[in-house]
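Student: Got a predicted structure here, sequence first:
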Amino acid sequence: MGNGMKALVKTQKGKGFVEVLDVPLPTIDESDVLIAVKACGVCGTDLHIYHDEFPYWPPVILGHEFSGEIAAVGGKVVGWKIGDRVVGEPHTLACGSCYLCRTGNPQICAQKRSPGWGIDGAFALLMRWPEPRLLHRMPESLDFDVAALAEPLANVVTDVVLTQSIILGDVVAVTGPGPIGIMACLVAKHAGARHVVLIGTEVDESTRLPLCRHLPAIDSVINVQREDVVTHITELTGGRGVDTFIEASGSPAAFVTGARIVKKLGTVTAIGLTGKPAVDFPYDQFMMKSIRYLFNVSTKYEAWDRALNILAADPTSYRKLITHSADLAQWAAVFGDLEQKKGLKAIFAFSGV
């Protein structure tokens, strides 16, 4: 390996400007750990950064959905040792003193600079990790590929469970059959939903919806271009509407669907990003139903061990979401497939440390 390594880097501002480069090996200070990355998932955020639609500070190594093994430990680090298998909360460099940090919400601190956009991330063999307190140990039974799903799953656990948007016996509808949407279905069922409906479109028929039709946690799969979703929900709920509507697509059309199918006094949980500064929104329809609308971003501390335990309890279901396992040299093809919805979750795998 010498003194350098390959990394996938966003080199400058603007659309594109992503390439595999030879970069120096990271060094660590006394309070850091060095992580040998074993697997790192491609997030929608990575695609947004490629298109210049998400904040970032270039040049920066992309990637934040990692699992790995500690390769070196700074002299002041307590509680961690070389060989520990870990995942990590990407809330690095939060200030610790603002009202958000002081109320236990560093995930939305304005000073936060997360790996993959604010500091160098995990699309590389090695990564400097500046805050060991944000690491979590992987369950012994969990392999690195499935463990790399912990970060997106922790987002879903935060949004769907910790915000109390699911109540035992709920009928739940989810729009957006990507990894987050499917995880939302799995978690909703795990949390006690009676019936889970996943809603997609014709473009999802190539890969996503066929897979979802074989997941036991998803009771109904609807292609809105082939079936009337309002009729289906009306029949399913006796005309009342779904208790909880989870929007995981970021599509303005899905907001309209949600306004039509959620019940009065129901809950809408928003997870998907639109990537746009503003979108049309059926405000009055939600208002007339007295809807509780919950917007969400990032993860809370208590979601992480819950997510890891869920993965360890049902690795088979979650492994099905991994449709691509590739090396960095294939990044352009992988990004293209995900943008065209020809896959679900892509993992870049690393070996050598």
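Tutor: Good, I have the coordinates. Numbers count the residues shown, from 1 in each chain.
Student: what's across from residue 23 in the sheet?
Tutor: Going by DSSP bridges, residue 23 is paired in beta bridges with residue 5.
Student: For the residue nearest the centre of the chain, which three-state class applies?
Tutor: For the chain, the residue nearest the mean C-alpha position is residue 152 (2.6 Å; C-alpha atoms, centre = their mean). Secondary structure assignment for residue 152 (DSSP: H, G, I helix; E, B strand; the rest coil): helix.
Student: Would you confirm that it contacts residue 179?
Tutor: Yes: applying C-beta atoms under 8 Å as the test, residue 152 and residue 179 come out as touching, 5.9 Å apart. For every residue, glycine as well, the C-beta is placed using N, CA and C.
Student: Now do the shared contacts for those two.
Tutor: residue 345 (C-beta atoms under 8 Å, 6 or more residues apart in numbering).
Student: circling back: next, the contact list for the residue nearest to the centre of the chain, please.
Tutor: Residue 152 sits in contact with 41, 43, 65, 179, 180, 183, 345, where contact means C-beta under 8 Å, 6+ apart.
Student: can you put the residues you listed in TSV and add neighbour count, secondary structure and pLDDT?
Tutor: As requested, those are exported to TSV (neighbours: other C-beta atoms under 10 Å; DSSP: H, G, I helix; E, B strand; the rest coil; pLDDT from 0 to 100):
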residue	neighbour count	secondary structure	pLDDT
41	25	strand	98
43	24	coil	94
65	31	strand	97
179	28	helix	95
180	26	helix	96
183	29	helix	97
345	26	strand	96
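Student: any chance of those in JSON lines, with distance to residue 119 too?
Tutor: Converted to JSON lines, the contacts of residue 152 look like this (distance: C-beta to C-beta, whole Å):
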{"residue": "41", "distance to residue 119": "18"}
{"residue": "43", "distance to residue 119": "16"}
{"residue": "65", "distance to residue 119": "15"}
{"residue": "179", "distance to residue 119": "24"}
{"residue": "180", "distance to residue 119": "24"}
{"residue": "183", "distance to residue 119": "26"}
{"residue": "345", "distance to residue 119": "23"}
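Student: So which of those is the closest to residue 34?
Tutor: residue 65 (18.7 Å; C-beta to C-beta).
Student: Find the residue closest to the closest one in space, skipping its chain neighbours.
Tutor: residue 41 (3.5 Å; C-beta to C-beta, 6 or more residues apart in numbering).
Student: What of residue 145?
Tutor: Closest residue in space to residue 145, ignoring its immediate chain neighbours: residue 39 at 5.0 Å, by C-beta to C-beta, 6+ apart.
Student: Let's test this: mean pLDDT of the strand or helix carrying residue 304, rounded?
Tutor: Taking DSSP states H and E as the criterion, residue 304 maps to helix 301-313. Averaged over helix 301-313, pLDDT sits at 96.
Student: buried residues in the helix or strand that it is followed by?
Tutor: The helix or strand immediately downstream of helix 301-313 is helix 315-319, counting by DSSP H and E. For helix 315-319, a neighbour-count test (16 or more other C-beta atoms under 10 Å) marks 315, 317, 318 as buried.
Student: other SSEs contacting helix 315-319?
Tutor: In terms of contacts (3 or more C-beta pairs under 8 Å, 6 or more residues apart in numbering; DSSP states H and E), helix 315-319 is packed against helix 144-147, helix 179-190.
Student: how about a cut-off of 6 Å?
Tutor: Counting contacts by 3 or more C-beta pairs under 6 Å, 6 or more residues apart in numbering; DSSP states H and E, helix 315-319 is packed against helix 144-147.
Student: residues of the helix it packs on that come out buried?
Tutor: Within helix 144-147, the residues that qualify as buried by neighbour count (16+ other C-beta under 10 Å) are 144, 145, 146, 147.
Student: pLDDT and distance to residue 13 added to those residues, as a markdown table?
Tutor: What follows is these, written out as a markdown table (pLDDT from 0 to 100; distance: C-beta to C-beta, whole Å):
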| residue | pLDDT | distance to residue 13 |
| --- | --- | --- |
| 144 | 98 | 32 |
| 145 | 97 | 32 |
| 146 | 98 | 35 |
| 147 | 98 | 32 |
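Student: any residues touching stretch 205-224, and which ones?
Tutor: With contacts defined as C-beta atoms under 6 Å, 6 or more residues apart in numbering, stretch 205-224 is touched by 177, 185-186, 189, 195-201, 229, 232, 342-343.
Student: Would you check which pair of these lies furthest apart?
Tutor: 195 and 342 (29.0 Å).
Student: which one of the two has more residues nearby?
Tutor: When neighbours are counted by other C-beta atoms under 10 Å, residue 195 comes out ahead of the other of residue 195 and residue 342, with 18 against 15.
Student: so the more buried one touches residue 169, yeah?
Tutor: No: because the distance of 9.3 Å does not satisfy C-beta atoms under 6 Å, residue 195 is recorded as not touching residue 169.
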